[in-house]
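Asker: quick check, what structure comes out for this input:
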Amino acid sequence: MRYCITDERLARIRQVLARRQKGLTLVIDNVHDPHNVSAILRSCDAFGVPSVHLYYTTSAFPVLGQKSSASARKWVMRTRHSDATSMYRGLKDQNFQVLATGFSERAKPLTAWDLSAPTAVILGNEHNGASPELAQVADGEIYIPMMGMVQSLNVSVAAAIILYEAWRQRWAKGMYDKASLSPEELALLEKDWVSR
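Answerer: Now for the predicted structure:
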């Protein structure tokens with residue numbers, strides 16, 4: 001099947017793919033609110049995150065509304081997991097540092113981490129935070145410094161702030177100026193995106 005696409009649309013697809021950050025991902029850990037998941041996916045697209053990991057063991061992956069999430073989920077790949085150890089090993093095999101959001105004694109502020117290194121951030125669910133089995137295997141813990149009385153943020157807001165800091169660090173190093181995906185990966189994604 002052949003698809004009609006304008007030169008402008010093709011140029012936009014190539015520009016966006018060239019800025020995707022292969023070494024940056026999120027683990028969405030049992031987040032059950034579909035609006036939060038949709039907002040997280042939109043932030044991933046906005047900051048060049050090509051794919052996310054879905055870890056759902058205590059709740060089902062939410063049904064995402066067509067209107068609110070279709071545009072974002074169209075451009076962000078999703079991989080499902082149900083085993084913490086195999087997911088962690090897969091990320092470590094790709095040289096990712098795996099950080100969990102949290103407030104334990106070992107937690108360091110967002111700006112203390114080098115997010116220009118290959119990084120996966122585990123976003124715990126709205127009520128219980130990161131699953132114990134994921135928090136246990138994480139290489140470290142990350143928190144967003146806050147100056148107000150309330151010491152927590154909506155999970156989708158936290159995701160956007162974390163990704164913005166990762167973007168800031170990576171932008172300063174010129175990481176959005178060169179493709180992190182291989183020519184073969186870019187060609188496959190371009191073919192896929194053109195058909196969407």
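
Asker: domains for this structure, by residue range?
Answerer: 1-20+181-196, 23-178 (automatic domain parsing).

Asker: and those domains as TSV, adding mean pLDDT and mean neighbour count?
Answerer: Where you see a C-beta, it was placed from the backbone N, CA and C, and this is true even at glycine. Output for those, formatted as TSV (pLDDT from 0 to 100; neighbours: other C-beta atoms under 10 Å):
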stretch	mean pLDDT	mean neighbour count
domain 1-20+181-196	90	12
domain 23-178	92	17
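
Asker: what about Val37, distance to Lys92?
Answerer: Per C-beta to C-beta, to the nearest Å, Val37 is found 25 Å from Lys92.

Asker: please apply the same query to Thr111.
Answerer: Between Thr111 and Lys92 the distance is 24 Å, computed by C-beta to C-beta.

Asker: with Ala18 instead?
Answerer: According to C-beta to C-beta, Ala18 stands 27 Å off from Lys92.

Asker: same thing with Gly148?
Answerer: For Gly148, the distance to Lys92 - C-beta to C-beta - is 36 Å.

Asker: give the contact list for Val16.
Answerer: For Val16, the contact set (C-beta atoms under 8 Å, 6 or more residues apart in numbering) comprises 48, 75.

Asker: hmm, I was thinking of Lys173
Answerer: With C-beta under 8 Å, 6+ apart, Lys173 has these contacts: Ser116.

Asker: and it, how close does it get to Asp192?
Answerer: Distance from Lys173 to Asp192, by C-beta to C-beta: 28 Å.

Asker: leaving out the residues flanking it, which one is nearest to the one residue sitting closest to the centre of the chain?
Answerer: Centroid-nearest residue in the chain, with C-alpha atoms, centre = their mean: Leu26, separated by 3.2 Å. In space, and not counting its chain neighbours, Leu26 is closest to Val52: 4.8 Å by C-beta to C-beta, 6 or more residues apart in numbering.
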